[in-house]
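>>> Here is my input; please provide its structure:
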Amino acid sequence: MDPAVDTNVVFFQVNGNDDEVLRGVAPAQAEDGVRLAWRQVQEERQVPASEITQVRCTWQPSEADRIFLAETFRDAGCTYVFDRPQDGDWSAAFDRAAKAVARIELDHGAQSSAKTRAEGEWLPTLHTYDGPLQLYASYPLVGDRLHVGFAKVVISETGRIGMSHLLRTTFMQMSRDEIAELVAEAVGNLTAGLRFTVFVDEAKGRMAILERPDGNLCAASAIVMDDFPGKAAEQIGEDELIVGLISPDQICVAGARSGWGAEITDWVRTSPDTSGDLVPAVLLVDRSGIREILAERPTGRLPAA
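Numbering: from 1, shown residues only. As a prediction, the model looks like this:
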């Protein structure tokens with residue numbers, strides 16, 4: 001059972017103002033749930049009952065509460081979401097309510113995902129220094145070699161990925177607040193659904209890959225997150241790490257003293273990625289951040305032969 005459905009959340013709208021809604025809660029089974037919620041609201045803020053124009057409940061008011069509503073809020077309407085069980089079987093009622101909530105959340109999630117795919121979302125993107133950085137807005141991560149920029153990413157119905165990079169000319173016209181808002185939005189989008197998957201080899205130790213929805217899109221950009229070194233260290237069990245940026249969407253992490261070093265370096269040096277802006281690389285990272293680039297694919301932007 002969803003724990004939220006066993007609570008009767010009651011909203012009291014003041015003077016028809018959608019921005020002024022008071023909230024009280026009571027057990028769903030309480031016969032005087034609305035009265036209890038109103039008492040809670042009154043303890044926090046003294047509002048005359050005559051100013052309440054609408055009451056919205058999670059659960060249908062009991063007969064006692066209907067009398068209370070009629071006597072206390074004479075001009076207010078009342079709505080509710082779930083029926084009280086006439087047979088008194090609250091367990092079955094809670095199960096029905098939980099299933100209804102789950103369906104609503106599923107539908108909302110599908111609509112939200114479809115909207116994001118259609119309108120796109122900002123994500124941080126990694127670039128290795130060269131020509132495009134003359135056009136892209138970017139921040140240096142490792143010296144003047146590895147940089148992070150931002151792109152509006154759109155996924156078509158056929159799965160085709162389009163990226164519209166934030167240009168330096170646009171960036172220069174943005175205010176400090178606008179830049180901060182963009183960075184927060186992009187990192188927030190990146191972290192949504194981001195997760196570590198850890199593999200353990202008795203001889204080589206622990207190794208983790210990072211995955212996220214939509215085919216791990218821009219997963220390697222996780223290195224820009226402030227808490228990445230700490231979270232990665234917790235997963236691996238070592239403070240000093242090697243991070244393989246195999247492609248913009250593929251990233252792996254292992255202890256710097258583990259047996260994975262040579263293998264990760266080989267994955268990077270022979271990466272077949274042809275996406276463009278990032279040269280696959282191996283990084284040395286500790287809890288303070290990225291310390292240096294240990295290796296890169298020798299053929300740069302072209303896959304190794």
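
>>> Pick out the residue nearest the middle of the chain.
By C-alpha atoms, centre = their mean, the mean C-alpha position of the chain lies nearest to A192, the distance being 2.7 Å.

>>> Could you pull up the contacting residues of that residue?
212-213 (C-beta atoms under 8 Å, 6 or more residues apart in numbering). Where C-beta positions appear, they are placed from N, C-alpha and C, glycine not excepted.

>>> Q13 versus that one, what's the distance?
32 Å (C-beta to C-beta, to the nearest Å).

>>> Report how many residues lie close to I242.
25 (other C-beta atoms under 10 Å).

>>> Am I right that it falls within a helix?
No. With DSSP: H, G, I helix; E, B strand; the rest coil as the criterion, I242 is assigned strand and is not in a helix.

>>> can you list contacts of stretch 144-151?
Counting by C-beta under 8 Å, 6+ apart, 122-129, 133, 136-141, 163-166, 182-183, 186, 221, 224, 281, 283, 290, 293 sit against stretch 144-151.

>>> That stretch: which residues count as buried?
Buried residues in stretch 144-151, counted by 16 or more other C-beta atoms under 10 Å: 145-151.

>>> again with stretch 148-163
For stretch 148-163, using 16+ other C-beta under 10 Å, the buried residues are 148-151, 153-155, 163.

>>> Tell me the one among these nearest to V47.
Nearest to V47 out of those is F150 (C-beta to C-beta; 45.3 Å).

>>> Please name the residues that touch G77.
53-55.

>>> typed the wrong thing, it's I52
I52 sits in contact with 12-14, 73, 76, where contact means C-beta under 8 Å, 6+ apart.

>>> Strands of the stretch 101-250 of the chain, start to end?
Ranges of strands in the stretch 101-250 of the chain, per DSSP state E, counting those that start in this stretch, are 121-128, 139-142, 146-155, 161-165, 195-201, 205-211, 241-247, 250-255.

>>> number of nearby residues for P61?
Other residues close to P61 by other C-beta under 10 Å number 22.

>>> quick one: contacts for the spatially closest residue to it that is not a sequence neighbour?
Leaving out its chain neighbours, the residue that sits closest to P61 by C-beta to C-beta, 6 or more residues apart in numbering is V34, at 5.4 Å. Counting by C-beta under 8 Å, 6+ apart, V34 touches 8, 10, 26, 55, 57, 61, 65, 68-69.

>>> Now the element after the helix or strand hosting V34, going C-ward?
Take DSSP states H and E as the rule and V34 turns out to sit in helix 33-44. With elements assigned by DSSP H and E, the helix or strand that comes after helix 33-44 is strand 52-59.

>>> That next one: which residues count as buried?
52, 54-59.

>>> so what strands line up beside that strand?
Take DSSP bridges as the rule and strand 52-59 pairs in its sheet with strand 7-14 (antiparallel), strand 77-82 (parallel).

>>> quick one: the last one to chain centroid distance?
Chain-centre distance of strand 77-82: 32 Å, with C-alpha atoms, centre = their mean, to the nearest Å.

>>> Output it as CSV - backbone C-alpha positions only.
Output of strand 77-82 as CSV, limited to C-alpha atoms (Å, rounded to 0.1, in the frame of the first residue of the first chain):
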residue,chain,number,x,y,z
GLY,A,77,-17.9,24.0,-2.0
CYS,A,78,-16.4,20.6,-1.2
THR,A,79,-14.7,18.0,-3.5
TYR,A,80,-12.9,14.7,-2.8
VAL,A,81,-10.9,12.1,-4.6
PHE,A,82,-11.7,8.7,-3.1
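
>>> Good, we can wrap up now.
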